[in-house]
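> Test case, fold it:
(chains A and B)
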2 protein chains.
Amino acid sequence: MSEGLRTLGIDVGGTAIKLAVVWSDGRLARAAEIPTEVESGPEAALVRILECSRTLLRAEAMPSQSMRAIGLASAGIIDTTRNLVLDAPNLRSWERFPLADRLGEAFGVPASIENDVNAMAYGEWRCGAGRGTHSLLCLTLGTGVGGGIVLDGRVYRGAHGGAGEVGHITVERDGPACACGSTGCLERYVGARWIVERAVQRLESDARPSALRGLDAAQLTPLRVSEAAADGDPIACAVLEETGVWLGVGLASLANVLDPERIVIGGGVARAGEALFEPARRTLRARAMSVQAAALDVVPAALGNDAAVVGAALLALERVQGR
Amino acid sequence: MSEGLRTLGIDVGGTAIKLAVVWSDGRLARAAEIPTEVESGPEAALVRILECSRTLLRAEAMPSQSMRAIGLASAGIIDTTRNLVLDAPNLRSWERFPLADRLGEAFGVPASIENDVNAMAYGEWRCGAGRGTHSLLCLTLGTGVGGGIVLDGRVYRGAHGGAGEVGHITVERDGPACACGSTGCLERYVGARWIVERAVQRLESDARPSALRGLDAAQLTPLRVSEAAADGDPIACAVLEETGVWLGVGLASLANVLDPERIVIGGGVARAGEALFEPARRTLRARAMSVQAAALDVVPAALGNDAAVVGAALLALERVQGR
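Next comes the predicted model:
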């Protein structure tokens, strides 16, 4: 019976807003996507989100009173008590706009907002690659490197909503400057643009033939590197090997501190697959302490781009059900 | 009324075993200490622990039936479900000896065992420098560097009892080899012997006068360095400054991952005080993200050597009371 409950999940990103009607077991009933248009501001976005939501509900033949909750996910630091985005570099003009409350009022249902990586982690924990675990660390590898932590079935947010910023652990004290203001952060070695930089440098220093040679800056992406590596391209393989080792250095620190049951890794960069995962696991096992490393799985995320929208919806439903 | 409950706390270390009758508010009613004598084995130690415990209870005019629980603390990886020490480098021959269960049987009360740094963290959280917080990270700086994490009033142990091994996060990927098998671990920069090594090196490279000059290896300890720094000794101050910066690099990583409300630092090395804490805080603020760092206190531990025995006793009492 409770399996039949439906919730609206909304994942607000810097370029696109994903909307989905989500069953209480995490399956998507129906989904849609609209451009964020950050510069037009949150009021305008609210109008478009409402319109798109109503279209989704109509298409689902779903009266709005049968919707139990609305769950939003957003990048940035979230105040989950006041339902506000406090600090979001990609959505500056949206900060402190009560998007969740306004949506909730419009539909007459409770609405809540969660950090997108936390929502992703929860989605993966409930019905993705983290299912069945008690403690899960979820990483997302892309332009930035984010993390979400689920402990005993609850999102761990930290004292100020800032827990899980795993991209900004130090792996090399006096390493290159990171956008966060520190130096030698994990993100500075495995973030998308630094993988590209590594490829550029290796193409210069390594004379072996490579499908990556001659690509211009727009074409040389982590995806292109992954594709080349899948074809056995030696330069691409070396770039992912080096990236994976750096990732493993970070994972070892995280394993020693959090001792999670499983680490799930998603995001665009993670599509490189084993060429990245194998050196990461190898390095993790070599550097982490034995108790933490021995039984620790490092696996790819299972829900892809839907993880945050699913997680946000399920978190909102949990909240309504008072869990 | 419940304030009047008394519990026996026992902190088993590599050289000494501390025993104390602890009130339920964390005050010590009475304490004693006996040598561990590791080589004589756990059976012999059990006999001496029982004898010392009975002496304590008699001195307290405390019938054993008024004792509610026994809480042990031990270094190493603890299986809190089976009440066993699984892996303890300083107590190898004691591993898997059912010390807690045997003590519990002898007194006819429930007995439980906890990792000593976790017990310390819990003690500081309940009635020391972590009081009033929801999330606490507690570090102990000595020969090794350990950590304990308290989240929402509960010790966070991780999936395999290994959480909080903060001494073994990487601060410099290709740094010097650490005893754990990795390289560039935090402990390798702030552990007691590495502070001494730093002092030796600086005495060689820095010609300024110093009270540390001419001390032999046995005399040159972190305590001696701290004392000299307190007198304004320039070499000693430089050594602690450098140590504090390394500590701060580690704290910044930990703040970004855990976002604790407070960090409490104890252990012998922490007695250096502000000469160590000031550079650590400064580095933390410079390297951690602003949300995590802005409101984060870094304070000295308050319970000193009693933290683990108090924490173990209170944890055992919590368990009996079903919390």
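> Tell me the residues of the stretch 51-200 of chain A that contact chain B?
Taking CB under 8 Å from any CB of the partner chain as the criterion, the neighbours of chain B within the stretch 51-200 of chain A are A:77, A:86-87, A:133-135, A:147, A:151, A:156-166, A:168-173, A:180-183. The C-beta positions use only the backbone N, C-alpha and C, and glycine is treated the same way.
> Of the residues you listed, select the buried ones using a ChimeraX command.
Only the buried members of these end up in this ChimeraX selection, burial being decided by 16 or more other CB atoms under 10 Å in any protein chain shown:
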select /A:77,87,133,135,147,151,156,157,158,159,160,161,162,163,164,165,166,168,169,170,171,172,173,180,182,183
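> Which ones among the residues of the stretch 51-200 of chain A next to chain B lie within strands?
Per DSSP state E, strands hold the following members of these: A:77, A:86-87, A:135, A:147, A:151.
> least confident pick among those?
Across these, no position has a lower pLDDT than residue A:87, which has 83.
> show me what contacts that one?
If a contact means CB atoms under 8 Å, 6 or more residues apart in numbering or on different chains, then residue A:87 has A:76-77, A:95, B:291 as its contacts.
> show me where pLDDT drops low in chain A?
In the prediction, chain A carries residues with pLDDT under 70 at positions A:1-3, A:323.
> What is the neighbour count of the residue in the stretch 201-323 of chain A that chain B sits nearest to?
Among all residues of the stretch 201-323 of chain A, residue A:259 sits closest to chain B, at 2.5 Å; criterion: CB to the nearest CB. A count of nearby residues for residue A:259, using other CB atoms under 10 Å in any protein chain shown, gives 27.
> Enumerate the residues of the stretch 201-323 of chain A near chain B.
Where proximity means CB under 8 Å from any CB, the interface of the stretch 201-323 of chain A facing chain B comprises A:246, A:249-250, A:252-254, A:256-261, A:286-289, A:291-292, A:294-296.
> Repeat the analysis, applying 6 Å as the threshold.
The interface of the stretch 201-323 of chain A toward chain B, taken as CB under 6 Å from any CB of the partner chain, is made up of A:249, A:253, A:256-261, A:287, A:289, A:291-292.
> Could you identify which of the residues you listed has the most neighbours?
In terms of neighbours by other CB under 10 Å, those top out with residue A:253 at 31 neighbours.
> Please state the backbone phi and psi of the residue in chain A sticking out farthest from the centre?
Note on chain A: the largest C-alpha distance from the chain mean falls to residue A:207, namely 35.9 Å (CA atoms, centre = their mean). Taking degrees, to the nearest 10, you get phi -80, psi 0 for the backbone angles of residue A:207.
> Now for it: which residues touch it?
With contact taken as CB atoms under 6 Å, 6 or more residues apart in numbering or on different chains, residue A:207 is in contact with no other residue.
> gap between the two ends of stretch A:138-148?
This stretch, stretch A:138-148, spans 5 Å end to end (CA to CA, to the nearest Å).
> Now do it: distance to the chain's middle.
Relative to its chain's centre, stretch A:138-148 lies at 5 Å (CA atoms, centre = their mean, to the nearest Å).
> For that stretch, give me every contacting residue.
With contacts defined as CB under 6 Å, 6+ apart, stretch A:138-148 is touched by A:117-118, A:120-121, A:124, A:164, A:166-167, A:186-187, A:190-192, A:264-270.
> how does it look with 7 Å?
Residues lying outside stretch A:138-148 but in contact with it, judged by CB atoms under 7 Å, 6 or more residues apart in numbering or on different chains, are A:117-118, A:120-121, A:124, A:130, A:137, A:155, A:164-167, A:186-187, A:190-193, A:263-270.
> Flag every buried residue along that stretch.
Applying a neighbour-count criterion of 16+ other CB under 10 Å, the buried positions in stretch A:138-148 are A:138-148.
> Tell me which stretches of the stretch 51-200 of chain A form helices.
For the stretch 51-200 of chain A, helices defined by DSSP state H, counting those that start in this stretch occupy the ranges A:99-107, A:116-127, A:187-190, A:192-205.
> Distance from the shortest one to the middle of the chain?
I take that to be helix A:187-190. Centroid separation between helix A:187-190 and its chain, computed with CA atoms, centre = their mean, is 16 Å.
> Going by length in residues, pull out the top helix of chain A.
Taking DSSP state H as the assignment, the helix of chain A that covers the most residues is helix A:234-258.
> how much does that helix deviate in direction from helix B:234-258?
Our comparison of helix A:234-258 with helix B:234-258, counting by axes from the mean of the first three to the mean of the last three CA atoms, to 10 degrees, yields an angle of 100 degrees.
> Helix A:234-258 packs against which elements?
Counting contacts by 3 or more CB pairs under 7 Å, 6 or more residues apart in numbering or on different chains; DSSP states H and E, helix A:234-258 is packed against helix A:187-190, helix A:192-205, helix A:222-230, helix A:274-287, helix A:290-294, helix B:234-258.
> possible to save these as CSV with distance to residue A:238?
Putting these into CSV (distance: least, CB to CB, whole Å) gives the following:
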stretch, distance to residue A:238
helix A:187-190, 15
helix A:192-205, 6
helix A:222-230, 9
helix A:274-287, 10
helix A:290-294, 25
helix B:234-258, 28
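> Which of those sits closest to residue A:318?
When the helices and strands packed on helix A:234-258 are compared for distance to residue A:318 using CB to CB, the nearest one is helix B:234-258, at 23.0 Å.
> which of the residues in the closest one are buried?
Buried residues in helix B:234-258, counting neighbours by 16+ other CB under 10 Å, are found at B:235-258.
> for stretch A:35-47, same thing?
Buried residues in stretch A:35-47, counting neighbours by 16+ other CB under 10 Å, are found at A:36, A:38, A:42, A:45-46.
> ok, now stretch A:260-270?
Neighbour-count burial for stretch A:260-270, counted by 16+ other CB under 10 Å, picks out A:260-270.
> OK, contacts around the closest residue to chain B within the stretch 51-200 of chain A?
At 2.5 Å from chain B, residue A:158 is the closest residue in the stretch 51-200 of chain A, using CB to the nearest CB. The neighbourhood of residue A:158, defined by CB under 7 Å, 6+ apart, consists of B:135, B:258-259.
> how close does it get to residue B:133?
12 Å (CB to CB, to the nearest Å).
> Also residue A:32?
Relative to residue B:133, and taking CB to CB, residue A:32 is found at 43 Å.
> before we move on, the earlier item: quick one: closest of the helices and strands packed on helix A:234-258 to residue A:5.
Of all those, the one in closest proximity to residue A:5, counting by CB to CB, is helix B:234-258 (33.7 Å).
> got the angle for that closest one vs helix B:222-230?
Computed by the same axes, to 10 degrees, the angle between helix B:234-258 and helix B:222-230 is 110 degrees.
> contact partners of the helix or strand following helix B:234-258?
Using DSSP states H and E, the helix or strand that follows helix B:234-258 towards the C-terminus is strand B:262-266. For strand B:262-266, the external contacting residues (CB under 7 Å, 6+ apart) are B:120, B:124, B:129-130, B:133, B:136-141, B:251, B:296-301, B:307.
> closest to residue A:58 among the contacts of residue A:158?
Nearest to residue A:58 among the contacts of residue A:158, counting by CB to CB, is residue B:259 at 41.3 Å.
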